[in-house]
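Peer 1: Quick one, what's the 3D model for this:
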Amino acid sequence: MTSTESAAKSAPDHGAAGDAAQDHDERQIIGRVIAVSGSNATVELNATIGQDAVRATVGKFLGVVTGEAIAIGMVTKVAEQSGPRTVSTAYVDMFGELREQNGRPAFSRGITDYPAIGDSALLMTNEELRLVYGNSRSTAHVGVLRQDPSIQALVDVDEMLNKHFAILGTTGVGKSSAVAIILQQVLEARPDLRIFLVDPHNEFGHSFGEKAHVLNPKNMRLPFWLFNFEETVDAFFGGRPGVPDEVEILAEVIPIAKGAYLQYRNTSEHSLIRKRDPKNSGFTPDTPAPYRLEDLLGLIDERMGKLENRASRAQHFKLMQRIQTFRNNPRYAFMFENANVGGDTMAEIISNLFRLPARGKPVTVMQLAGFPAEVVDAVVSVLCRMAFDFGLWSDGVAPLLFVCEEAHRYASAAEFKKGFGPTRRALSRIAKEGRKHGVYLGLITQRPFEIDPNIISQCNTLFVMRLANERDQALIKSAVSDAAASLLAFVPSLGTGEAFVFGSGVALPMQMIFSHLPEKYRPVSDVGHMSYTSEEAGLELISSVIDRWRNATMSQKLYEDEGYDSGFASPPIQPTPPQPPRAAEPPRSGLLKQPLSAAVAAADSQKKWR
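Peer 2: Residues are numbered from 1 along each chain as shown. Just a heads-up that it's a prediction; the model follows:
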């Protein structure tokens, strides 16, 4: 009797496990358990079925027949041990089990019936893997299993959203395409959901077709009065710490300016209304209520003229100059142009930002590449805070997924001292409390180690793409809550477009390949695209660059007026005199040494997994 026949006879003949052990046409028993430790089992592979034993390599799924169930696990290590006889062993991490329920096999996470020494091990069939990975009510098809491309990689959308998710991977592994695929599938599964995507590099503007509402500095209005006090100080001081004396003055005059605006509006609407002292209006520096910069500057000027403030006149004057310079800078037009036109426009702004109603465009893509670098952090802080506060005060009536690309910049750990504190706190608040109010979080980063651990630990579904940095891997290992931590050893060798998925959004940790993304939806930065050949890259190109350069720091409203002349004349382009024929050049090698047309073609061929 062979070892295969002996193992088959030792398997129980009842339930799903007995059926699996006896089905020799589709599978063979490839080994037996020789050691069990916690969630790990060691399987001695049968030498008589060498071909199948070779297939039981790392990344493959094995089932161990344990009484009335089949314990499901993944091979994480294969080794050969020498001794009186050479033995091949496979080390298996067990995650769940198949058990008969109501006359049908069903999958559940966790192990209730542990293997014993001598229990049979089998390779999993396609039907069993489908039972494992298709065991969800609200699923999104994001790719296929790496082990078997005929099986769809499905994600439980409700579990993924309710407990937040993160997509982690180094540059060039297809992270941006993975983001587009996941969000497209989330929209299909949850049509009631709104998505707000922070896009630092202007990559996703066309990734959602007609479903996306794209915002940038040219078409967005985010009035300065929507900023809370910390965000206002950060903006006025250009991202640097505020001068304490000037910050104290601002804290005193901003509530008064808000009260003055309320008094002015009420007086204009009701001429007989009783006037109220602006100082007793009840506003705080953080109240999202309109006020005018003219009133703010007038209050500072009034304080500067008082005798009791003679010693601080210099601080008052510097603060006035700072605010005026900030307001007159055309790069901040999105904050100041028409900021008070229409009165209190907070409802219209929220409707535009968070797509209520959606009008066929449930996705907002916030392109940040055109915003001044000094104010980007404050802008992201305002958006995060407004997303959470609207969910809080609306009792979650409009579910919103807030997706933050380059999350390590806005939610960095304290030790790195990067980013803006209020932005980190706003994201942390969404991570900790957002699910209670219908606000969900998605983080995308290439440096997970730099993210605040308190934030990333709240993301219970992780899409881990290739990561080579050991500190990044260590952080992910600490965030993986189940027995799948040993699978992180595969992460440095993942291919482009591949990922390991851990957490509550999937039935079992799975290695998957993301679906193919059509060319028209692939994320590609739209910043600064120009089509010039190497021969044309002369004065014409330079003049075009200078024109765009100047326009970025000029008032767009003034520039777009008909007949406006900037006063800058581009140098005339002189015809190129005829050149003598060149001698044949030696063969070129390397992308940077190729002709421009060939280099562009080579770069385009690599955009599939940007």
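
Peer 1: Find me the pLDDT at residue 349, would you?
Peer 2: Per-residue confidence (pLDDT) for residue 349: 93.

Peer 1: in the helix or strand that contains it, what counts as buried?
Peer 2: Using DSSP states H and E, residue 349 falls within helix 346-354. Buried residues in helix 346-354, counted by 16 or more other C-beta atoms under 10 Å: 349-350, 352-354. To be clear about C-beta, it is placed using only N, CA and C from the backbone, and glycine gets the same treatment.

Peer 1: Backbone dihedrals for the closest residue to residue 345 other than its chain neighbours, please?
Peer 2: Closest residue to residue 345 apart from its sequence neighbours, by C-beta to C-beta, 6 or more residues apart in numbering: residue 223 at 7.1 Å. Taking degrees, to the nearest 10, you get phi -50, psi 150 for the backbone angles of residue 223.

Peer 1: What is the burial count for residue 223?
Peer 2: By other C-beta atoms under 10 Å, 22 other residues sit near residue 223.

Peer 1: Check residue 303 too.
Peer 2: 18.

Peer 1: Point me to the helix or strand that includes it.
Peer 2: helix 293-304.

Peer 1: quick one: the helices in the stretch 1-150 of the chain?
Peer 2: Taking DSSP state H, counting those that start in this stretch as the criterion, the stretch 1-150 of the chain contains helices spanning 3-10, 15-22, 50-55, 126-133.

Peer 1: hang on, the earlier thing: beyond the helix holding residue 349, next helix or strand please.
Peer 2: strand 363-367.

Peer 1: Name the strands paired with that following strand and say parallel or antiparallel.
Peer 2: strand 194-199 (parallel), strand 212-215 (parallel) (DSSP bridges).

Peer 1: Tell me who's in contact with residue 342.
Peer 2: Taking C-beta atoms under 8 Å, 6 or more residues apart in numbering, we find residue 342 in contact with residue 348.

Peer 1: Where does it sit: helix, strand or coil?
Peer 2: At residue 342 the chain is in coil, as set by DSSP: H, G, I helix; E, B strand; the rest coil.

Peer 1: Distance check, it against residue 355.
Peer 2: 20 Å (C-beta to C-beta, to the nearest Å).

Peer 1: do the same with residue 134
Peer 2: Separation of residue 134 from residue 355 (C-beta to C-beta): 32 Å.

Peer 1: Comparing those two, which residue is more hemmed in?
Peer 2: Higher neighbour count among residue 134 and residue 355: residue 355, with 22 against 13, using other C-beta under 10 Å.

Peer 1: Pull the contacting residues for the more buried one.
Peer 2: 194, 213, 361-364.

Peer 1: picking that back up, give me whichever of the strands paired with strand 363-367 is most buried.
Peer 2: With neighbours defined by mean count of other C-beta atoms under 10 Å, none of those is more surrounded on average than strand 194-199, at a mean of 25.

Peer 1: if you average pLDDT over that one, what comes out?
Peer 2: 96.

Peer 1: and the angle from that strand to helix 346-354?
Peer 2: Strand 194-199 runs at 70 degrees relative to helix 346-354, counting by axes from the mean of the first three to the mean of the last three C-alpha atoms, to 10 degrees.

Peer 1: Can I get strand 194-199 in PDB, CA atoms only?
Peer 2: Extracted C-alpha coordinates of strand 194-199, given in PDB (Å, rounded to 0.1, in the frame of the first residue of the first chain):
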ATOM      1  CA  ARG A 194     -19.900  60.100  -2.600                       C
ATOM      2  CA  ILE A 195     -16.100  60.000  -3.100                       C
ATOM      3  CA  PHE A 196     -13.800  62.900  -2.400                       C
ATOM      4  CA  LEU A 197     -10.200  62.300  -3.800                       C
ATOM      5  CA  VAL A 198      -7.300  64.500  -2.800                       C
ATOM      6  CA  ASP A 199      -5.100  64.400  -5.900                       C
END
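
Peer 1: between the strands paired with strand 363-367, which gets nearest to residue 304?
Peer 2: strand 212-215 (38.1 Å; C-beta to C-beta).

Peer 1: quick one: contacts of that closest one?
Peer 2: Counting by C-beta under 8 Å, 6+ apart, 204-206, 352-353, 355, 361, 363-367 sit against strand 212-215.

Peer 1: Stretch 175-186 too?
Peer 2: For stretch 175-186, using C-beta under 8 Å, 6+ apart, the contacting residues are 140-143, 155, 157, 160-161, 167-169, 193, 195, 197, 203-204, 207-208, 363, 401, 403, 405, 444, 446, 463, 465, 497, 499, 514-515, 517, 521-523, 608-610.

Peer 1: List only buried entries from those residues.
Peer 2: 140, 142-143, 155, 157, 160-161, 167-169, 193, 195, 197, 203-204, 207-208, 363, 401, 403, 405, 444, 446, 463, 465, 497, 499, 514-515, 517, 521-523, 609-610.

Peer 1: follow-up on the earlier one: could I get the contacts of residue 355 as CSV with distance to residue 295?
Peer 2: Formatted as CSV, the contacts of residue 355 follow (distance: C-beta to C-beta, whole Å):
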residue, distance to residue 295
194, 35
213, 33
361, 36
362, 38
363, 37
364, 32
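
Peer 1: which one of those residues sits closest to residue 289?
Peer 2: Of these, the one sitting nearest to residue 289 (C-beta to C-beta) turns out to be residue 364, at 24.0 Å.

Peer 1: Tabulate the strands paired with strand 363-367 (a markdown table), appending distance to residue 548.
Peer 2: Shown next, in a markdown table, are the strands paired with strand 363-367 (distance: least, C-beta to C-beta, whole Å):
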| stretch | distance to residue 548 |
| --- | --- |
| strand 194-199 | 20 |
| strand 212-215 | 19 |
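
Peer 1: Which among those is found nearest to residue 337?
Peer 2: Closest to residue 337 of those, according to C-beta to C-beta: strand 212-215, at 15.2 Å.
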